[in-house]
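Chemist: Next come a sequence and a model predicted from it.
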Amino acid sequence: MKVVIVGGVAGGATAAARIRRLDEKAEIIVFERSGYISYANCGLPYYIGGVIEDPEELTLQTPESFFERFRVQMNIRHEVLQISPEEKTVTVKNLETGEVFAESYDKLILSPGAKPTQPSIPGLGLEKLFTLRTVEDTFRIKEYIEKNQPKSAVLAGGGFIGIELAENLRELGIKVTIVQRPKQLMHPFDPDMAAFIHAEMRKHGVELLLGKTVAGFAEKDGGIETLLENEEPLHADMAILAIGVTPDTKLAREAGLALGLKGSILVNEKMETSKKDIYAVGDAVQVRHLVTGEDALISLAGPANKQGRIAADNICGLNSSYQGSLGSSVLKIFGLTAAMTGINEETAKKAGIAADKVILSPMSHAGYYPGGKLMTMKVLFEKETYKLLGAQIVGFEGVDKRIDVLATAIQLGLPADRLKELDLAYAPPYSSAKDPVNMAGFMIENIRNGILKQFDIEEVDKLPHDGSVTLLDTRTVREYSRGHIDGFINIPVDELRERVNELDPGKKVYVICQSGLRSYIAVRILSGLGFDAYNFTGGFRYYDAVKNDRAMIKRALPCGMDK
């Protein structure tokens, strides 16, 4: 059996190694357009910032090491120009010699990945405008910085690459501005959770221009200007286009393969395309979202590796299938960690799913053990069925392990209220006896049983201030004096039983505290005394962060920039 693989990196290299492990006699040939067959794509921004110092650390395997271990013929700087499904051949060009030749195959795996999205705007191709996708891109940016010592950079786009680049450029002392058409960074997160990401970026001197559209680029005064719609241009020493990626499927389209979202390659659960003996994996393929069941594009290394393995299994006679993806991801933002899995509120709404949520601010480990840090968790579930839909967590410690637990629960179909039953490891330096994931389950169980009634940030501004309802803040007097929501009176929770006569039992009571815990206790006290009480999900800490962020976005203020 002869297997030809187009593209290395995650999916292609994984498939090649798996085929060899399953079939020692197979002839395996990989054609990779770049100069690197297997590299740490996610580590590229950290090489630019100097966190990863040795460029060889970016290369997971070389053609020589791959051949030595797996006897796979790795051909770098070779571009596949054409696929002929009927003849079962590919046309290949050696980019170093210019030679063009045909290579036959019994099975073909396409792993072309994705390319940086290039909008139709003026200025593409300018010397001081960069994209970041390959090792070669990384070296170009690194070389430019070392040679020219730029003082400022504009990043068009606020996704994974934009944020990681912003952090690493700031660590080099470069003034950074991120321009983003949506009014938030990291679109997989809901705007309220993105507020914490924004705050960390601003804290470290990154200027955020959200809700602004890049209209093009132009050279001027020895630098580059980022042109904005209905705004003054931004002048900087360099600019980086990081508005996302697009499936690189020109080959597949020209070969007549069936295509899907944004021109992605359609595959079945065995990673087979519409043409016999041709498989496709990685960022170029359309997948099924495990929560909604709808078609999706999820450009992440984890799914690409799994798909490469599954394609290899099926080529070698095993029966493997890819069920879909949750899009689980995690991101370092200076000192902060942000992670998500499943879907957010916006996606649920578009999918017609009636979603509810709990928002909590637990400590990363036992409060009595030194060094614990707050995290903010948002867990979504379907109102009627209590099916887990997704989760977002932002914090400084323990974020990654909680998101992995929640991703596992979603994939296995655990109802949201049963998170309380998970038997999770506990020791004071690592967690609490009631882990944050368990706490989310307790809250959801209380909602299901009618013990907890909530109101959220979108409802606060709609609450009447005419005295027809009671607005109650149960924090301490000192906390209240430092900032509170207009119209909310202050009765600390520990004084509530003695002062309950100050409240009208005929009025609904909307209760808030710093994190949601004391206000929940107050709601239970009031409910036990016959009041109709509602708890604010998230607490004043969450409310204040979101409101401040919205105000800054609206004003489009420079946020914490070096003067």
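Modeler: Received, thanks. All figures in this text were calculated on a predicted structure; none of them were measured in a lab. Residues are numbered from 1 along each chain as shown.
Chemist: Next, the buried residues of stretch 28-48.
Modeler: 28-41, 43-48 (16 or more other CB atoms under 10 Å). The C-beta positions use only the backbone N, C-alpha and C, and glycine is treated the same way.
Chemist: is residue 340 in a bridge, and if so with what?
Modeler: Taking DSSP bridges as the rule, residue 340 bridges to residue 329, residue 392.
Chemist: element containing residue 406, please.
Modeler: Taking DSSP states H and E as the criterion, residue 406 maps to helix 399-411.
Chemist: repeat for residue 534
Modeler: strand 533-536.
Chemist: after the helix holding residue 406 comes which helix or strand?
Modeler: helix 436-448.
Chemist: Which strands and helices lie in contact with that next one?
Modeler: Under the contact definition 3 or more CB pairs under 8 Å, 6 or more residues apart in numbering; DSSP states H and E, helix 436-448 sits against strand 355-360, strand 375-382, helix 399-411.
Chemist: how about the strands in the stretch 101-250 of the chain?
Modeler: Taking DSSP state E, counting those that start in this stretch as the test, the strands found in the stretch 101-250 of the chain are 107-110, 114-116, 129-130, 152-156, 175-180, 206-210, 214-220, 223-228, 234-236, 238-241, 245-247.
Chemist: so which of those is the most packed in?
Modeler: Each of the strands of the stretch 101-250 of the chain was scored by mean neighbour count; the highest is strand 107-110, a mean of 28, by mean count of other CB atoms under 10 Å.
Chemist: List phi and psi for the closest residue to residue 334 other than its chain neighbours.
Modeler: Leaving aside its sequence neighbours, residue 334 sits nearest to residue 204 (CB to CB, 6 or more residues apart in numbering; 4.9 Å). Dihedral angles of residue 204 (phi, psi; degrees, to the nearest 10) stand at phi -100, psi 20.
Chemist: any idea how far residue 296 is from residue 204?
Modeler: 32 Å (CB to CB, to the nearest Å).
Chemist: If you count surrounding residues, which of these two has more?
Modeler: residue 296 (20 against 17; other CB atoms under 10 Å).
Chemist: show me the contacts for that one.
Modeler: Residue 296 sits next to 261, 286-289, 324-325, 327 when contact means CB atoms under 8 Å, 6 or more residues apart in numbering.
Chemist: rewinding a little: do you know how far the residue nearest to residue 334 is from residue 413?
Modeler: Going from residue 204 to residue 413 by CB to CB gives 40 Å.
Chemist: re the thing from before, for the contacts of residue 296, give me TSV that also has pLDDT and distance to residue 118.
Modeler: Formatted as TSV, those follow (pLDDT from 0 to 100; distance: CB to CB, whole Å):
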residue	pLDDT	distance to residue 118
261	95	18
286	97	21
287	96	24
288	96	28
289	96	26
324	95	29
325	96	25
327	95	24
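Chemist: Between those residues, identify the one with the most neighbours.
Modeler: Counting neighbours by other CB under 10 Å, residue 327 leads the contacts of residue 296 with 24 neighbours.
Chemist: A helix includes it, no?
Modeler: No: using DSSP: H, G, I helix; E, B strand; the rest coil, the assignment for residue 327 is coil, not a helix.
Chemist: show me the contacts for it.
Modeler: 188, 289, 296, 298, 300, 340-342 are the contacts of residue 327 under CB under 8 Å, 6+ apart.
Chemist: swap in residue 367?
Modeler: Residue 367 neighbours (CB under 8 Å, 6+ apart): residue 432.
Chemist: So which one of the contacts of residue 327 is the model least confident about?
Modeler: The member of the contacts of residue 327 with the lowest pLDDT is residue 300, at 89.
Chemist: Looks like that one contacts residue 329 (just checking).
Modeler: Yes: using CB atoms under 8 Å, residue 300 is in contact with residue 329, at 6.2 Å.
Chemist: Isn't residue 205 up against residue 175?
Modeler: Yes: between residue 205 and residue 175 there is a contact under CB under 8 Å: 7.5 Å.
Chemist: neighbours around residue 56, how many?
Modeler: When neighbours are counted by other CB under 10 Å, residue 56 comes out with 7.
Chemist: helix, strand or coil for it?
Modeler: Per three-state DSSP, residue 56 ends up helix.
Chemist: on that earlier part again, quick one, which of the strands of the stretch 101-250 of the chain is nearest to residue 553?
Modeler: strand 206-210 (5.0 Å; CB to CB).
Chemist: Okay, now the unreliable bits of this structure?
Modeler: For the chain, residues meeting the criterion pLDDT under 70 lie at 40, 556-563.
Chemist: Flag every buried residue along stretch 110-127.
Modeler: Quick answer for stretch 110-127 (16+ other CB under 10 Å): 110-116, 123, 126.
Chemist: Adding distance to residue 483, write the residues you listed out as JSON lines.
Modeler: Converted to JSON lines, the buried residues of stretch 110-127 look like this (distance: CB to CB, whole Å):
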{"residue": "110", "distance to residue 483": "56"}
{"residue": "111", "distance to residue 483": "53"}
{"residue": "112", "distance to residue 483": "52"}
{"residue": "113", "distance to residue 483": "48"}
{"residue": "114", "distance to residue 483": "44"}
{"residue": "115", "distance to residue 483": "47"}
{"residue": "116", "distance to residue 483": "42"}
{"residue": "123", "distance to residue 483": "44"}
{"residue": "126", "distance to residue 483": "46"}
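Chemist: by contact count, what packs against whichever helix or strand comes after the strand holding residue 534?
Modeler: Using DSSP H and E, the helix or strand that directly follows strand 533-536 along the chain is helix 539-555. Where contact means 3+ CB pairs under 8 Å, 6+ apart, helix 539-555 is packed against helix 191-203, strand 206-210, helix 457-460, strand 509-512.
Chemist: How far off centre is helix 539-555?
Modeler: 21 Å (CA atoms, centre = their mean, to the nearest Å).
Chemist: Same check on stretch 514-529?
Modeler: 34 Å.
Chemist: Over to stretch 439-456?
Modeler: 27 Å.
Chemist: who's in contact with that stretch?
Modeler: With CB under 8 Å, 6+ apart, stretch 439-456 has contacts from 356-360, 362, 377, 379, 381, 386, 391, 416-422, 434, 463, 510, 520, 523-524, 533-538.
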